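# this one's sequence-less:
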């Protein structure tokens, strides 16, 4: 009988795989929706912190828990030390390759690393530091709080990330456990360019979720139709013999 073919081991395995794929795709869809919720919560927190006015560094940052202060606006007064400077390699801005310039800033709150912004690779390779000169004398830097990462590589003055432990050793100073992503006051010339606004969009999670649900619907509706067609064709073949 036609049904016997659909109950053979190979077909039974196919049935199981299709059902398993259906549940996997549904779960992936809900997983993407969960990631969307997480991103929206994180974006709301960033917006809330950025909406607060910038304040003194030591008042705005919880040094015991720096992560709780990320994206808070701060303002700090001090002087730059251009002899203690590194360049975060492999940065891009508007499609242009370059580096981010990170300089030691001696402030009343303590020595702190300041990400002064983006420098196009062409200007950086030119080697003329006047293109990214620091302000003369005392400066007032305004920016956002960021936290450290662990470096995995580096080449001379070029580093892969801002690793405050590594920079403390390199510069022989006890850096504060956060760095400042400067938005103003960190340059005497046009470069480095200040940071772009954070990406606070929902990303592609909703689109991915819809795709997984569509795939699951295709499996739910399409596979039974295929099975029914095979059974019908076999029945007609048997009846025609």
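That came through fine. What you see is a predicted model; the values in this text were computed from it and never measured. Numbering: from 1, shown residues only.
# Any regions of the protein where pLDDT drops low?
Within the chain, the stretches with pLDDT under 70 are 1-6, 234-241.
# can I see the domain layout of this protein?
2-39+203-240, 53-184 (automatic domain parsing).
# residue boundaries of the strands in the chain?
55-56, 73-93, 96-107, 110-120, 139-147, 154-155, 158-159, 178-184 (DSSP state E).
# which parts of the third one are buried?
Think strand 96-107. 98, 99, 100, 101, 102, 103, 104, 105, 107 (16 or more other CB atoms under 10 Å). Every residue, glycine included, has its C-beta placed from N, CA and C.
# Please verify my assumption that the fourth one contacts residue 85.
The reference is to residue 101. Yes. With contact defined as CB atoms under 8 Å, residue 101 and residue 85 form a contacting pair (6.6 Å).
# Phi, psi for the spatially most central residue of the chain please.
Central residue of the chain (CA atoms, centre = their mean): residue 199, 8.7 Å from the mean position. Residue 199 adopts backbone torsions of phi -80, psi 110, taken as degrees, to the nearest 10.
# how close does it sit to residue 113?
Distance, residue 199 to residue 113, using CB to CB, to the nearest Å: 23 Å.
# again, but for residue 161
Taken as CB to CB, the span from residue 161 to residue 113 is 12 Å.
# Just want to know which of these two has more residues nearby.
residue 113 (26 against 16; other CB atoms under 10 Å).
# what sits against the more buried one?
102, 103, 104, 105, 162, 164, 167, 175, 179, 180 (CB atoms under 8 Å, 6 or more residues apart in numbering).
# let's see it at 6 Å
102, 167, 175, 179 (CB atoms under 6 Å, 6 or more residues apart in numbering).
# Now flag whichever of those residues is closest to residue 62.
Distance to residue 62, by CB to CB, is smallest for residue 179 among the contacts of residue 113, at 15.2 Å.
# Please name the spatially closest residue to the closest one (chain neighbours excluded).
residue 113 (4.1 Å; CB to CB, 6 or more residues apart in numbering).
# hey, what's that neighbour bridged with?
residue 104 (DSSP bridges).
# about what we covered before: pipe the strands of the chain into a markdown table and attach distance to residue 48 per row.
Listed next are these as a markdown table, based on distance: least, CB to CB, whole Å:
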| stretch | distance to residue 48 |
| --- | --- |
| strand 55-56 | 15 |
| strand 73-93 | 12 |
| strand 96-107 | 26 |
| strand 110-120 | 22 |
| strand 139-147 | 13 |
| strand 154-155 | 35 |
| strand 158-159 | 31 |
| strand 178-184 | 18 |
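# Relative to residue 45, which of the ones you listed is closest?
strand 139-147 (13.1 Å).
# so which of the strands of the chain gets nearest residue 10?
strand 73-93 (50.3 Å).
# angle of the closest one against strand 96-107?
Per axes from the mean of the first three to the mean of the last three CA atoms, to 10 degrees, the angle that strand 73-93 makes with strand 96-107 is 160 degrees.
# Paired strands for strand 73-93, with orientation please.
strand 55-56 (parallel), strand 96-107 (antiparallel), strand 139-147 (antiparallel), strand 158-159 (parallel).
# For those, give me CSV that also has distance to residue 25.
Listed next are these as CSV, based on distance: least, CB to CB, whole Å:
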stretch, distance to residue 25
strand 55-56, 48
strand 96-107, 39
strand 139-147, 36
strand 158-159, 42
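# out of these, nearest to residue 124?
strand 96-107 (5.3 Å).
# Tell me which stretches of this structure form helices.
In the chain, the helices defined using DSSP state H lie at 2-6, 9-51, 57-60, 121-126, 164-171, 205-240.
# and of the ones you listed, who's closest to residue 192?
Across the helices of the chain (criterion: CB to CB), the nearest stretch is helix 121-126, sitting at 9.2 Å.
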